[in-house]
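S.K.: Just need the structure, nothing else, for what follows:
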Amino acid sequence: MCIRDSVYMVARSVGSPLPCRIEFDCSVNAAAGFRGGVMSILRNDVRLLIGLPLVAGLNLRSFGGILAHELVHFSQGFGMRLAFVVQLVNQWLHRVVNGRDLWDLKLRDAAEHGHPHV
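M.R.: Residues are numbered from 1 along each chain as shown. Reported below is the predicted structural model:
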């Protein structure tokens, strides 16, 4: 049985929609979320991320439980969309607060040249 069939069977048993994409990485984690971009939250474009060390370190029953947990997140459409929007706003705020812009450069130049009003 391949992983896609396992995901399909678990999704059907918990009443969850199927992910549009299943990805693997080298982290000891599993995650469910949107693939990215604002359009993915409008189209229900969800992905399941599975860490290969997690798969290797668990028995089938434990892996099925983690798989079911992640797939149930897909059933929580409003919560997933809200979390996605909050993450986007946080990323934007982080970039605005920590990024350098023209004002920062002008203030630095004025301070370096000894302007008394800076």
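S.K.: in stretch 18-34, what's buried?
M.R.: 19, 30, 32, 33, 34 (16 or more other CB atoms under 10 Å). (Each C-beta comes from the backbone N, C-alpha and C, glycine too.)
S.K.: With stretch 60-72 instead?
M.R.: Applying a neighbour-count criterion of 16+ other CB under 10 Å, one finds 63, 66, 67, 70, 71 buried in stretch 60-72.
S.K.: so which of those residues would you say is closest to residue 15?
M.R.: residue 71 (9.2 Å; CB to CB).
S.K.: pretty sure that closest one contacts residue 48?
M.R.: Yes: assessed by CB atoms under 8 Å, residue 71 is found in contact with residue 48 at 7.1 Å.
S.K.: List the residues that are in contact with both of the two.
M.R.: The contact sets of residue 71 and residue 48 overlap at 7, 19, 32 (CB atoms under 8 Å, 6 or more residues apart in numbering).
S.K.: Would you mind giving those as CSV with distance to residue 41, secondary structure and pLDDT added?
M.R.: Below are the shared contacts of residue 71 and residue 48 laid out as CSV (distance: CB to CB, whole Å; DSSP: H, G, I helix; E, B strand; the rest coil; pLDDT from 0 to 100):
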residue, distance to residue 41, secondary structure, pLDDT
7, 21, helix, 85
19, 14, coil, 89
32, 13, strand, 87
